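Engineer: here is the input, now give the coordinates:
(chains A and B)
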Amino acid sequence: MLAIDAHDLAKTFRSGWPRRRETHALRGVSLTVQRGAIVGVLGPNGAGKTTLLSILTTLLVPDRGRATILGHDLAREPGAIRRRLNMASGNASFLWSLRVEEIIAFYGRLYGLGGRALAARVEELLGFAELGPHRRVPYNELSTGLKQRLALAKSLVNQPELLFLDEPTLGLDPDVAIRLRAQIAALRRQRGTTIVLTTHYMREAEELCDEIAFVKNGRLLARGSSEELKRAIKLGDVIALRVDAGGAAALAGLPGILRTTAEDGRVELTVDSAQKRLGEVLQRLHESGAVVRDLEVREPQLEDVFIELAK
Amino acid sequence: MMRHELIRIWAFALRNLLMASRNVFFVFELTFWPTVGVLSIGLMTRFLRLSPADTSFVLIGTVALSTVQVCQLDVAYAVLYDVWSKSMKHQFLAPIAVRHLTLGSWLVGIGRGLVVFALLAGLAWWAFDFNPLRIGGGALGVFLLGCFLTAWIVGVLVCALVMLFGTRAEASAWATVNLVLVLSGIYYPVSLLPGPVAAVASAIPLTYFLDAFRSHFGFASEFASPLARGFGLSAAYILAAHWGLRAALDRTRRSGLLLKMSE
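Structural biologist: Sure, this is the predicted structure:
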């Protein structure tokens, strides 16, 4: 069952007067997201990630395309969609003099929560986001990490079935980011929440996401699990060796080698599959009499995929 | 369903109330400027040796100005707070309608407007021997309702302008209401205005509410059935202003300004 079924979404921003400037933020993106999945939307700055999320959250109206969110038509039933989704941004901002508990309660009321139900929800979210000790602190006195945790707490106030997270760990200290990632993972595990997130941190995407959609210049370039993307991009694995001088020459002509670099006895071979080629490489070196002093096999990282796709 | 409606309206009322209670400048809005207004205009009436009747005519306008202004600002704050704090998108991500936003903030505006009116009425009575309360609760209530409806309309229009033009339209929150008050005969009968301007004045509800209120102080009414006209126009403008605000919100969702105002 799909949480998001979007087709051919396009958006162009127009600005400037009297000469109009046009920025094509999205140029026909289609995306489907299964219920209960965590999907990452990656891409370089200005790729269209935030525009895509804004359209799917009803904050922005697309120029073209159609989408069904949680079974509701995006154009015709935005109210029904808004009841069931929410969003948190890494650079979220709230009213400066309202306190943490007042901000959560304010947004809770916007979803029709009142009385004991609202009080219970506020308490629950203060606990979930570990904001209890800061409940009476005004927003403008919170640290970046606390602001981000508040943004996450606010985004859960209506117990959304679909949650959008735009750079949720942006600018956080590593330990705070780790805790926040654990909380995001717990949301899916405990509540079955479908999550769509954008991030610039590849480790975060690899750790959290079932699937990754790579967007560039307003287009969806690639889509799949982290492993699928690595295979699809064909970056190859790296076999790094330290061998006696002349060892590299013995490897010439071996099948499956995409690239070779050799310097000061260190040889790096980029091969189509390390699993397939490692034996052949070692055998050839053994036959040539070269002695292998050190060996390391590296698989490509999602970061490598990102760099390759962003080129 | 009705409970959810009331909770959403209360959300905005409580938010405005909390924000107002924590900002020292709002105390100025409520006390300093209105007091300065009544004192300076009242002293001018003494200097010009105006009769008690003429003094009351002018002071009614002065009190109305501050009452409408304070209430209207609260309605405008419904959007301005979010523009200033760059949190606009969060509230429109929720399933709310513009009526929740404007009604909630209007309720706080009414409260603050009543405080200003009471303060200025007391001051005008003490300093210039003009007691606006002497006409009785009914007539006074109708006049205040008229002032607050005018404030609601102007406030919603300001919200729409801010939605359409962002912070560039911020100044309209303070300017628009002054224009409306000048046109509606704040210190003078609208019959003094030149023909085309008088025609504009006759399209402003506050013109009729001021006319009706002043008739209780012995001034001849310039219009037939001023209250019916005032409330009729108010109802039409409230609907139109909300339609305008909703259209402005739809436009910001298309243009992307809603996101720009949140970053």
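
Engineer: residue nearest the centroid of the chain?
Structural biologist: You didn't pick a chain, so chain A it is. Centroid-nearest residue in chain A, with C-alpha atoms, centre = their mean: A:Gly40, separated by 3.4 Å.

Engineer: try again with chain B
Structural biologist: B:Ala151 (2.3 Å).

Engineer: for the stretch 51-200 of chain B, what lies in contact range of chain A?
Structural biologist: B:81-82, B:84-87, B:89-96, B:100 (C-beta under 8 Å from any C-beta of the partner chain). To be clear about C-beta, it is placed using only N, CA and C from the backbone, and glycine gets the same treatment.

Engineer: filter those residues down to the ones in helices?
Structural biologist: B:81-82, B:84-85, B:89-93, B:100 (DSSP state H).

Engineer: quick one on the thing from earlier: top of the residues of the stretch 51-200 of chain B next to chain A by neighbour count?
Structural biologist: Within those, B:His90 tops the neighbour count with 27 neighbours, counted by other C-beta atoms under 10 Å in any protein chain shown.

Engineer: pretty sure that one contacts A:Tyr107?
Structural biologist: Yes - between B:His90 and A:Tyr107 there is a contact under C-beta atoms under 8 Å: 6.6 Å.

Engineer: what sits in contact with each of the two?
Structural biologist: Counting by C-beta atoms under 8 Å, 6 or more residues apart in numbering or on different chains, the common neighbours of B:His90 and A:Tyr107 are A:Lys154.

Engineer: ok, residue 100 - contacts?
Structural biologist: No chain specified, so I'll use chain A. Residues near A:Val100 by C-beta under 8 Å, 6+ apart: A:126, A:131, A:134-137, A:139, A:142, A:146, A:150.

Engineer: my question was about chain B, not that one.
Structural biologist: By C-beta under 8 Å, 6+ apart, B:His100 lies in contact with A:110, B:5, B:8-9, B:11-12.

Engineer: pLDDT value on it, please?
Structural biologist: The per-residue pLDDT reported for B:His100 equals 96.

Engineer: distance of it relative to B:Glu5?
Structural biologist: Distance, B:His100 to B:Glu5, by C-beta to C-beta, to the nearest Å: 7 Å.

Engineer: my guess is A:Glu161 meets A:Ala3, correct?
Structural biologist: Yes - if you go by C-beta under 8 Å, A:Glu161 and A:Ala3 touch, sitting 7.2 Å apart.

Engineer: give me the more crowded residue out of those two.
Structural biologist: A:Ala3 (24 against 18).

Engineer: and the closest residue to that one other than its chain neighbours, what does it touch?
Structural biologist: Nearest non-adjacent residue to A:Ala3, counting by C-beta to C-beta, 6 or more residues apart in numbering or on different chains: A:Thr194, 4.1 Å away. Shown in contact with A:Thr194 (C-beta under 8 Å, 6+ apart): A:3-4, A:33-38, A:161-163, A:188.

Engineer: in the sheet, who's paired with A:Thr194?
Structural biologist: Beta-bridge partners for A:Thr194, by DSSP bridges, are A:Leu162.

Engineer: show me which positions of stretch B:225-235 end up buried.
Structural biologist: Going by neighbour count (16 or more other C-beta atoms under 10 Å in any protein chain shown), the buried part of stretch B:225-235 is B:226-227, B:229-231, B:233-234.

Engineer: among the residues you listed, which one lies nearest to chain A?
Structural biologist: Nearest to chain A among the buried residues of stretch B:225-235, counting by C-beta to the nearest C-beta, is B:Ser234 at 27.5 Å.

Engineer: name the element the closest one belongs to?
Structural biologist: B:Ser234 is part of helix B:226-255, with elements assigned from DSSP states H and E.

Engineer: check whether that helix contacts chain A.
Structural biologist: Yes - counting by C-beta under 8 Å from any C-beta, contacts between helix B:226-255 and chain A involve B:250, B:253-255.

Engineer: what's that helix packed up against?
Structural biologist: With contacts taken as 3 or more C-beta pairs under 8 Å, 6 or more residues apart in numbering or on different chains; DSSP states H and E, helix B:226-255 sits against helix B:98-128, helix B:137-165, helix B:205-215, helix B:257-260.

Engineer: most tightly packed of those helices?
Structural biologist: Across the helices and strands packed on helix B:226-255, averaging neighbours per residue (mean count of other C-beta atoms under 10 Å in any protein chain shown) puts helix B:205-215 on top, at a mean of 25.

Engineer: what does that helix rub up against?
Structural biologist: B:57, B:60-61, B:64, B:68, B:135, B:139, B:142-143, B:146-147, B:149-150, B:153, B:180-181, B:183-186, B:190, B:201, B:221-223, B:226-227, B:229-231, B:233-234, B:237.

Engineer: number of residues surrounding the residue lying closest to A:Ala6 once chain neighbours are set aside?
Structural biologist: Nearest non-adjacent residue to A:Ala6, counting by C-beta to C-beta, 6+ apart: A:Ala67, 3.8 Å away. A count of nearby residues for A:Ala67, using other C-beta under 10 Å, gives 23.

Engineer: A:Gly171 too?
Structural biologist: A total of 13 residues lie near A:Gly171 under the criterion other C-beta under 10 Å.

Engineer: would you agree it is in contact with A:Thr144?
Structural biologist: Yes - in this structure, A:Gly171 is within contact of A:Thr144 by C-beta under 8 Å, at 5.5 Å.

Engineer: look up phi and psi at the residue of chain B most remote from its centre.
Structural biologist: The outermost residue of chain B relative to its centre, with distances by C-alpha atoms, centre = their mean, is B:Arg49 at 30.4 Å. Reported as degrees, to the nearest 10, the phi and psi values for B:Arg49 are phi 50, psi 50.

Engineer: so which residues of the stretch 101-250 of chain A form strands?
Structural biologist: A:162-166, A:194-198, A:211-216, A:219-224, A:237-243 (DSSP state E, counting those that start in this stretch).

Engineer: I'd like these as a markdown table, with mean pLDDT appended.
Structural biologist: A markdown table is the format used below for the strands of the stretch 101-250 of chain A (pLDDT from 0 to 100):
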| stretch | mean pLDDT |
| --- | --- |
| strand A:162-166 | 95 |
| strand A:194-198 | 95 |
| strand A:211-216 | 92 |
| strand A:219-224 | 90 |
| strand A:237-243 | 87 |
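
Engineer: and the ones you listed: which comes nearest B:Met261?
Structural biologist: Closest approach to B:Met261 among these is made by strand A:162-166 (16.0 Å; C-beta to C-beta).

Engineer: gap between A:Ala262 and chain B?
Structural biologist: As judged by C-beta to the nearest C-beta, to the nearest Å, A:Ala262 and chain B stand 49 Å apart.

Engineer: helix, strand, or coil at that residue?
Structural biologist: Here A:Ala262 is recorded as strand under DSSP: H, G, I helix; E, B strand; the rest coil.

Engineer: who does it bridge with?
Structural biologist: A:Val267.

Engineer: wait, it sits on A:Ala248?
Structural biologist: Yes - assessed by C-beta under 8 Å, A:Ala262 is found in contact with A:Ala248 at 3.9 Å.

Engineer: so the two - more neighbours on which side?
Structural biologist: Set side by side, A:Ala262 and A:Ala248 show more neighbours around A:Ala248, with 20 against 17, by other C-beta under 10 Å.

Engineer: tell me the pLDDT of the more buried one.
Structural biologist: Listed pLDDT for A:Ala248 reads 74.

Engineer: separation between it and A:Val292?
Structural biologist: 12 Å.
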